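Asker: sequence and predicted structure are below.
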Amino acid sequence: MNIYVLVKRTFDTEEKITVNNGAIVEDGAEFIINPYDEYAIEEAITVRDEHGGEVTVITIGDEEAEKQLRTALAMGADKAVLINTEDDLDEMDEFTVAKIISEYLSDKDADLILAGNVAIDGGSGQVGPRVAEMLGINYVTTITKLEIDGTDVKIVRDVEGDSEVLETALPLLVTAQQGLNEPRYPSLPGIMKAKRKPLEELELDDLDLDEDDVEAKTETVNVFLPPAKEAGRILEGEIADQVKELVQLLKDEAKVI
């Protein structure tokens, strides 16, 4: 089975984000594989081990993203592809990323493509479905269970407050939701093997794309942090008086009633 996983390099979830002159400061920050993408990697490895084939992880970015690809290889992926856009693109959006990835995958005869449900930085959840649309294949989002029998696929997906069971067929793109599996930690032997696994680096020219083909459809006008939260207030006195004061505060200050 020919399996691909879309991976994104994101800030560490413990990282404190700072903004300077309308841009996020990356210098000295720690980066990780987007946590939802780890579920996708784990599921891809599980499917490969059960049905055979190989797992290729793909990311877009600069050479710094090689670290995250090596981590995915250490988890058990077979190959990695870095599409380096550092010298070609200043701005990228979901269309840009999906267009580049779909162009790379267009002649790969992928049976199964996995991605994270969302990225923890942008949170749009658009790239996976966009790639599937551009490739003209089926897709199912927010999956929590995946069963493959030949080309038939049975999926459980997360819907608000419940689950939904779907049946579809390969080729297929799915996006992984928390609960799909428990991602493994790279083992020491896995880390050593990852150093010898193939990591291919491509540029837009290698995909017969130019900047106009992948020009972002959206523009970032400004980047800013949310306002700092004010300190909480502790009400004192008799319960009845506290209730009256609380109602008055909700009405006059919070303006929610």
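Answerer: Here it is on my side, so go on.

Asker: please report how far D162 lies from K251.
Answerer: 36 Å (CB to CB, to the nearest Å). For glycine as for every other residue, the C-beta is placed from the backbone atoms N, C-alpha and C.

Asker: out of those two, which sits in the busier spot?
Answerer: A count of neighbours by other CB atoms under 10 Å puts K251 above the other of D162 and K251, at 11 against 6.

Asker: so for the more buried one, what's the pLDDT?
Answerer: pLDDT for K251: 90.

Asker: same check, this time on E230
Answerer: Taking E230 on its own, its pLDDT is 77.

Asker: and for it, the neighbour number?
Answerer: Count around E230 with other CB under 10 Å applied: 7.

Asker: again, but for V221
Answerer: 6.

Asker: now swap in P226 and tell me
Answerer: Neighbours of P226 (other CB under 10 Å): 5.

Asker: show me the contacts for L69.
Answerer: Neighbouring residues of L69 by CB atoms under 8 Å, 6 or more residues apart in numbering: 7, 57, 59, 80-82, 199.

Asker: apart from its chain neighbours, what residue comes closest to it?
Answerer: Distances taken as CB to CB, 6 or more residues apart in numbering place A80 nearest to L69, at 4.0 Å, with adjacent residues excluded.

Asker: is it fair to say the one you found lies in a strand?
Answerer: Yes: with DSSP: H, G, I helix; E, B strand; the rest coil as the criterion, A80 is part of a strand.

Asker: gap between it and G22?
Answerer: Taking CB to CB, one finds A80 at 33 Å from G22.

Asker: who has more neighbours, those two?
Answerer: Counting neighbours by other CB under 10 Å for A80 and for G22 shows that A80 has the greater number, 26 against 10.

Asker: just the pLDDT for that one.
Answerer: Looking at A80, the pLDDT reads 98.

Asker: for beta bridges, what are the partners of it?
Answerer: In this entry, A80 is beta-bridged to V57, L199, by DSSP bridges.

Asker: that older thread, so the residue nearest to L69 touches T56, yeah?
Answerer: Yes: contact criterion CB atoms under 8 Å: A80 and T56 qualify, at 6.9 Å.

Asker: may I have the beta-bridge partners of V19?
Answerer: Assigned bridge partners for V19, using DSSP bridges, are I24.

Asker: so what's it up against?
Answerer: Residues near V19 by CB under 8 Å, 6+ apart: 25, 223-225.

Asker: can you check N34 too?
Answerer: Contacts of N34 by CB under 8 Å, 6+ apart are 7-10, 116, 119-121.

Asker: try 6 Å this time
Answerer: For N34, the contacting residues are 8, 10, 116, 119-120, by CB atoms under 6 Å, 6 or more residues apart in numbering.

Asker: any idea of the pLDDT on it?
Answerer: On the pLDDT scale, N34 gets 96.

Asker: please apply the same query to the one 4 residues further on.
Answerer: For E38, the pLDDT comes out at 97.

Asker: you'd agree A231 is in a strand?
Answerer: No: in this structure, A231 is coil, not part of a strand, as judged by three-state DSSP.

Asker: and it, how far from D111?
Answerer: On the measure of CB to CB, A231 and D111 end up 55 Å apart.

Asker: which one of those two has more residues nearby?
Answerer: D111 (18 against 6).
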